[in-house]
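In: quick one, fold the following:
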Amino acid sequence: MTSDHPTYEQLAALPEFSAQGVPTAFEDINGHLNVRHYVGIASEGLDESLVDVGILQNWPTVAGHAVFSAEHHLTYLSELRTGDRISVRVRLVGRSQRAAHAVVYLLDDSHQKLSCVIEEIFLHLDMGTRRTAPWPEDVAAGLDARIAEHQALSWQPALSGSMALR
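Out: Sure, this is the predicted structure:
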């Protein structure tokens with residue numbers, strides 16, 4: 001793990017999402033968590049974290065809005081194996097009129113270390129047109145409040161530099 005990333009203790013202080021054990025079915029031929037499950041578990045955790053800012057998991061059906069992933073950057077720091085306890089922590093970095101930037105951390109709670117960092121840009125879509133649209137005012141306010149809360153933390157996320165809000 002590089003010193004650029006926050007410590008396990010700093011991350012563990014954030015709200016926990018998608019806490020679970022790594023099931024045998026998620027293991028690949030190398031004996032560790034398969035890449036598709038790192039992304040899936042991180043995505044579930046991000047979705048759970050957005051409920052409090054007004055982005056419900058059934059948002060497309062109840063409000064005609066959705067979020068779509070536009071970009072990901074993954075950094076693997078340590079492998080996860082069957083039986084390891086894992087959880088997700090999320091830090092919102094910023095937002096634009098139609099997009100948001102997050103860093104999702106997959107923690108290895110069994111060994112108390114950071115396993116994977118997934119940086120993501122996600123977009124707000126109007127499901128009627130299936131095109132990007134400005135965030136609804138209540139969601140924009142919720143995102144802004146969470147971003148301000150995260151900016152007040154004593155540590156900064158290590159960003160890839162490969163993506164930015166537009």
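
In: grab the longest strand from the chain for me.
Out: Looking across the chain with DSSP state E, the single longest strand is strand 113-126.

In: pull the distance from the helix or strand following that one to the chain's centre.
Out: Per DSSP states H and E, the first helix or strand lying C-terminal to strand 113-126 is strand 131-132. If you compare the mean C-alpha spot of strand 131-132 with that of the full chain, they lie 21 Å apart, counting by C-alpha atoms, centre = their mean, to the nearest Å.

In: likewise stretch 125-145?
Out: 18 Å.

In: what sits up against it?
Out: When contacts are taken as C-beta atoms under 8 Å, 6 or more residues apart in numbering, the neighbours of stretch 125-145 outside the stretch itself are 52-55, 60, 63-68, 92, 95, 97-100, 123-124. Placement of C-beta: from N, CA and C, glycine included.

In: returning to that earlier point: can you mark which positions in the longest strand of the chain are buried?
Out: Burial within strand 113-126, assessed by neighbour count using 16 or more other C-beta atoms under 10 Å, is assigned to 114-125.

In: give me the three-state assignment for the residue nearest the centre of the chain.
Out: Most central residue of the chain, judged by C-alpha distance to the mean C-alpha position with C-alpha atoms, centre = their mean, is residue 104 at 3.2 Å. What DSSP: H, G, I helix; E, B strand; the rest coil gives for residue 104 is strand.

In: find the nearest non-adjacent residue to residue 107, please.
Out: With sequence-adjacent residues excluded and distances taken as C-beta to C-beta, 6 or more residues apart in numbering, residue 107 is closest to residue 87, at 5.1 Å.

In: go through the buried residues of strand 113-126 and name the one nearest residue 39.
Out: residue 118 (6.8 Å; C-beta to C-beta).

In: and the closest one, what is it in contact with?
Out: Shown here is residue 118, whose contacts under the criterion C-beta under 8 Å, 6+ apart are 38-39, 42, 72-75, 103-106.

In: closest one to residue 82 out of the residues you listed, please.
Out: residue 38 (14.0 Å).

In: how about the contacts made by the closest one?
Out: Listed by C-beta under 8 Å, 6+ apart, the contact set of residue 38 reads 74, 76, 80, 106, 115-116, 118.

In: got it, and residue 100?
Out: Counting by C-beta under 8 Å, 6+ apart, residue 100 touches 67, 92, 94, 121-122, 124, 143, 165.

In: from residue 100, how far out is residue 63?
Out: In this structure, residue 63 and residue 100 are separated by 17 Å, where distance is defined by C-beta to C-beta, to the nearest Å.

In: which stretches of the protein form strands?
Out: Listed in chain order, the strands of the chain (DSSP E) span residues 17-21, 65-76, 85-95, 99-108, 113-126, 131-132.
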